[in-house]
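Colleague: Got a sequence here, can you build the structure:
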Amino acid sequence: MDYKIAIIGSHEEILGFKSLGLKPISVSTKEEAEKKFQKSIMEDNCAIVFITENWAVLMEEILSKHRGALPAVVTIPNYAGSQGLGEKKLREIVERAVGSDILFKDKK
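Modeller: Presented below is the predicted three-dimensional model:
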């Protein structure tokens with residue numbers, strides 16, 4: 001089975017990723033983003049789904065319910081720069097796994 005890598009975000013933000021072999025999933029509403037994210041899990045055989053931070057914030061409820069191993073969900077900054085969402089998520093994962101914040105303890 002061949003797995004895909006997708007990226008979810010506004011059309012202008014993600015179109016360039018197509019040249020890198022990623023499947024761009026352009027969205028314009030929260031509902032559309034959530035529906036297309038679910039489709040990427042169920043039908044598109046995505047191993048990794050990148051989501052721009054601005055859309056990840058809007059989709060926080062559905063993303064927090066995603067517990068499967070695949071696809072791995074990774075938030076990335078959009079053109080406006082990082083909002084720190086990816087770092088926050090990584091901090092939570094490390095704290096859960098190790099029991100304390102060993103990576104970012106000086107950056108709170």
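Colleague: thought Ile51 was touching Pro77?
Modeller: No. Look at Ile51 against Pro77 with CB atoms under 8 Å: they stay out of range, at 11.0 Å. Using the backbone N, CA and C atoms, a C-beta is placed for each residue, glycine as well.
Colleague: quick one: which of these two has more around it?
Modeller: A count of neighbours by other CB atoms under 10 Å puts Ile51 above the other of Ile51 and Pro77, at 28 against 15.
Colleague: Might you report the residue contacts of that one?
Modeller: 7-9, 37, 59, 63, 73-76 (CB atoms under 8 Å, 6 or more residues apart in numbering).
Colleague: One more pass at 6 Å, please.
Modeller: 8, 75 (CB atoms under 6 Å, 6 or more residues apart in numbering).
Colleague: What residues of the helix or strand containing Lys36 count as buried?
Modeller: Assessed by DSSP states H and E, Lys36 sits inside helix 30-42. The neighbour-count check on helix 30-42 (16 or more other CB atoms under 10 Å) flags 33-34, 36-37, 40-41 as buried.
Colleague: Now the residues you listed in JSON lines, please, with extra columns for pLDDT.
Modeller: Listed next are these as JSON lines, based on pLDDT from 0 to 100:
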{"residue": "Ala33", "pLDDT": "93"}
{"residue": "Glu34", "pLDDT": "92"}
{"residue": "Lys36", "pLDDT": "92"}
{"residue": "Phe37", "pLDDT": "90"}
{"residue": "Ser40", "pLDDT": "84"}
{"residue": "Ile41", "pLDDT": "80"}
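Colleague: Thanks a lot, see you next time.
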